[in-house]
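[1] Everything below, folded, please.
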Amino acid sequence: MARALGEGGCDVTVFCCKSDYPELRAVVVGGVVELVTDERFRKADLLIWHFGIFYELFNAVVIGSGGAPQVVCFHNITPKEFLSETSWPLLERSLVQAHLMAAVDEVWAVSDLNAACARQFGVAEGAIRTIPLIVDDNPRSRLRDKATEPINILFVGRFVRSKGVADLLEAVESLRARGEPRFKVALVGNVAFSDDRYLQNLRDYIRDKELEELVEFHGAVDDETLYRFYREAHILAIPSYHEGFCKPVVEGLRAGCIPIGYASYNLPYVVNGLGRLVKPGDVAALAVALRDVTAALPTALQLPSRASFPLDCGPISIETFEARSELVTRNFERANVSWQISERVSGLMPH
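    Numbers count the residues shown, from 1 in each chain. Next comes the predicted model:
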């Protein structure tokens with residue numbers, strides 16, 4: 001978003017508590033007082049906040065910067081039932097803080113599902129716009145160009161209960177027991193933002209079920225390594241119980257990966273029929289979906305024009321899957337999203 005605004009002619013300053021992106025040249029501040037007394041904050045013509053979990057700086061929404069319009073980019077909040085008990089106090093603070101969105105000029109929800117959630121926090125209907133995230137950093141690649149074996153299954157995300165990684169491992173163990181076609185599973189995600197106990201349970205399961213030859217645990221990787229995983233993967237496993245947007249699905253479709261997972265929250269909308277989604281929590285159905293697609297892939301890769309993929313949109317060929325994936329993911333490219341952002345920024349500025 002910062003790049004998109006800059007390319008649109010805005011002079012952008014990013015404030016945060018911590019940054020892993022030197023290219024943003026972010027201003028790291030220690031709290032609300034340091035933020036609101038910074039001259040660049042006080043003289044801003046527009047304030048754009050991002051919100052998805054409690055953070056102290058967001059309390060400055062009630063102060064603002066001398067009457068400048070304020071926008072919140074809303075990423076949604078993971079429900080309590082999908083979090084460990086240790087996270088519940090932070091969740092409660094997040095739910096209280098989310099009501100501050102009702103005081104800003106506009107809320108940019110990253111999906112229609114998040115727009116509906118924003119209404120529950122008191123945001124007026126006329127103040128909500130749906131503007132998706134920009135997802136176009138990873139290069140496009142084609143499913144037809146991938147190796148016929150092994151079939152590579154990729155998971156990308158945090159290792160927490162809401163992401164359903166334990167369900168994925170149970171489904172994988174079921175496939176292994178049935179002697180399904182040769183496949184490998186790569187688990188990629190930021191360990192620092194994961195649930196330590198859940199993470200250890202996953203490691204224990206892999207060891208106890210002797211899945212080490214099938215499942216590789218990679219943790220956090222740099223962007224180039226992540227792009228390589230996408231490029232080599234045939235399937236993106238996304239058995240998540242809650243997703244307000246789900247960037248990995250868009251990245252996976254760009255890279256020629258077939259999404260397979262749970263039909264929860266925003267996932268059916270972002271997958272758009274180009275995968276196999278089953279009832280959340282139905283591990284047996286998840287295993288069947290993985291089995292069907294992994295079994296169809298070797299032949300489909302040899303005959304890319306043949307309609308042989310059993311996806312939610314119906315039988316489909318690799319060529320058609322690739323063409324439809326390109327159309328869907330264009331909606332999240334920088335040019336399309338930047339235009340929406342620029343239009344709203346212009347509408348908020350005094351004329």
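[2] Distance of the closest residue to residue 245 other than its chain neighbours relative to residue 312?
    In space, and not counting its chain neighbours, residue 245 is closest to residue 110: 4.5 Å by C-beta to C-beta, 6 or more residues apart in numbering. All C-beta atoms are positioned from the backbone trio N, CA, C, and that covers glycine. Counting by C-beta to C-beta, to the nearest Å, the separation of residue 110 from residue 312 is 22 Å.
[3] what separates residue 336 from residue 83, distance-wise?
    For residue 336 relative to residue 83 (C-beta to C-beta), the value is 33 Å.
[4] Looking at the two, which has the bigger crowd around it?
    residue 83 (18 against 13; other C-beta atoms under 10 Å).
[5] residues contacting that one?
    By C-beta atoms under 8 Å, 6 or more residues apart in numbering, the contact set of residue 83 is 91, 160-162.
[6] cool, residue 190 as well?
    158, 219-220.
[7] So which elements touch the helix ranked longest in the chain?
    Longest helix in the chain, counting residues (DSSP state H): helix 283-302. Secondary-structure packing of helix 283-302 (3 or more C-beta pairs under 8 Å, 6 or more residues apart in numbering; DSSP states H and E): strand 151-156, helix 165-177, strand 235-238, strand 258-262, strand 276-278, strand 309-311.
[8] Let me have those in CSV, extended by mean neighbour count and distance to residue 229.
    Shown next, in CSV, are the helices and strands packed on helix 283-302 (neighbours: other C-beta atoms under 10 Å; distance: least, C-beta to C-beta, whole Å):
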stretch, mean neighbour count, distance to residue 229
strand 151-156, 25, 5
helix 165-177, 20, 15
strand 235-238, 28, 10
strand 258-262, 27, 15
strand 276-278, 22, 20
strand 309-311, 20, 21
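[9] CSV please, covering the ones you listed and showing distance to residue 345.
    Formatted as CSV, these follow (distance: least, C-beta to C-beta, whole Å):
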stretch, distance to residue 345
strand 151-156, 31
helix 165-177, 38
strand 235-238, 32
strand 258-262, 32
strand 276-278, 35
strand 309-311, 38
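[10] what about the helices in the stretch 201-350 of the chain?
    Under the criterion DSSP state H, counting those that start in this stretch, the stretch 201-350 of the chain carries helices at the ranges 223-232, 247-254, 267-271, 283-302, 318-330, 334-348.
[11] Go through those helices and name the closest to residue 134.
    helix 334-348 (4.7 Å; C-beta to C-beta).
[12] what packs against the closest one?
    Packed against helix 334-348 by the contact rule (3+ C-beta pairs under 8 Å, 6+ apart) you find helix 2-7, strand 106-109.
[13] Contacts only, for the nearest residue to residue 221 once chain neighbours are set aside.
    Here the nearest residue to residue 221 in space, its sequence neighbours aside, is residue 188; by C-beta to C-beta, 6+ apart that works out to 5.8 Å. Residues counted as contacts of residue 188 (C-beta under 8 Å, 6+ apart) are 154-156, 218-221, 226, 229.
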